[in-house]
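Student: give me coordinates for this.
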Amino acid sequence: LGLTEYDQRQPMRLIYRDESGNPDMPMRIAKDLCIYSLGKPPNRKIEMYHDQETIYFPGYVAVREHQSMVNPDHLCKYKCEVLEDEKGPIFRVTCADSPNEPINARSANEAWQEVANEIYLVSNASLSDRKQQINGCERFGLMHESVIAMLQETMGHLKCSRYEPLAVGVSNFVH
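Tutor: Numbering: from 1, shown residues only. Model (predicted):
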């Protein structure tokens, strides 16, 4: 059986909105991912809070389920935050199993690679497993079509000179 063009398209994403038309937060956008805040454009140095493919405003908060760094046989929740700093964004990942030991990094990839390294250490993973690269922006939820669509709706994205907007398929639902 061959797939038709229709069968190959990504499913339409749904963005829940409040009566004012704003995204209704928190919003579960995947089985293992909930967005609590999209953040706000920084007052200065906005060029440090985006790249060609991704916008990551300070105040962005998401919670994702992932293998625990403490007990790798279980899933736990990780709070993913983008914080503002005079040198640029700080990507913080806090494991619910060790809330007093957040991981802070200058990129989402670095933060989630540190999570992966901790999991590998406690699970005695093989060397080949340890070399797998983690997409930190995906783990933060920043690559999800619904998040991309909502960030592209903000006026702040117009100030992101290097960012190239993407065509994403989303539907809106007001409740």
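Student: hey, let's count contacts and neighbours off CA atoms from now on
Tutor: Will do.
Student: could you give me the buried positions within the helix ranked longest in the chain?
Tutor: Assignment by DSSP state H gives helix 108-123 as the longest helix of the chain. Judged by neighbour count (16 or more other CA atoms under 10 Å), helix 108-123 contains these buried residues: 108-120.
Student: so which of these is the closest to Y36?
Tutor: Closest approach to Y36 among the buried residues of helix 108-123 (CA to CA): A108, at 17.3 Å.
Student: my guess is the closest one contacts G141, does it?
Tutor: No - with contact defined as CA atoms under 8 Å, A108 does not count as touching G141 (10.3 Å).
Student: returning to what we had before: how far does the longest helix of the chain sit from the chain's center?
Tutor: Chain-centre distance of helix 108-123: 16 Å, with CA atoms, centre = their mean, to the nearest Å.
Student: same question, stretch 60-69
Tutor: Mean-position distance between stretch 60-69 and its chain equals 9 Å (CA atoms, centre = their mean).
Student: buried set for it?
Tutor: Here stretch 60-69 shows 60-69 as buried, counting by 16+ other CA under 10 Å.
Student: secondary structure element for the closest residue to S107 other than its chain neighbours?
Tutor: In space, and not counting its chain neighbours, S107 is closest to F91: 5.9 Å by CA to CA, 6 or more residues apart in numbering. Using DSSP states H and E, F91 falls within strand 90-95.
Student: who are the packing partners of that strand?
Tutor: On a contact count with 3 or more CA pairs under 8 Å, 6 or more residues apart in numbering; DSSP states H and E, strand 90-95 meets strand 75-83, strand 103-105, helix 108-123.
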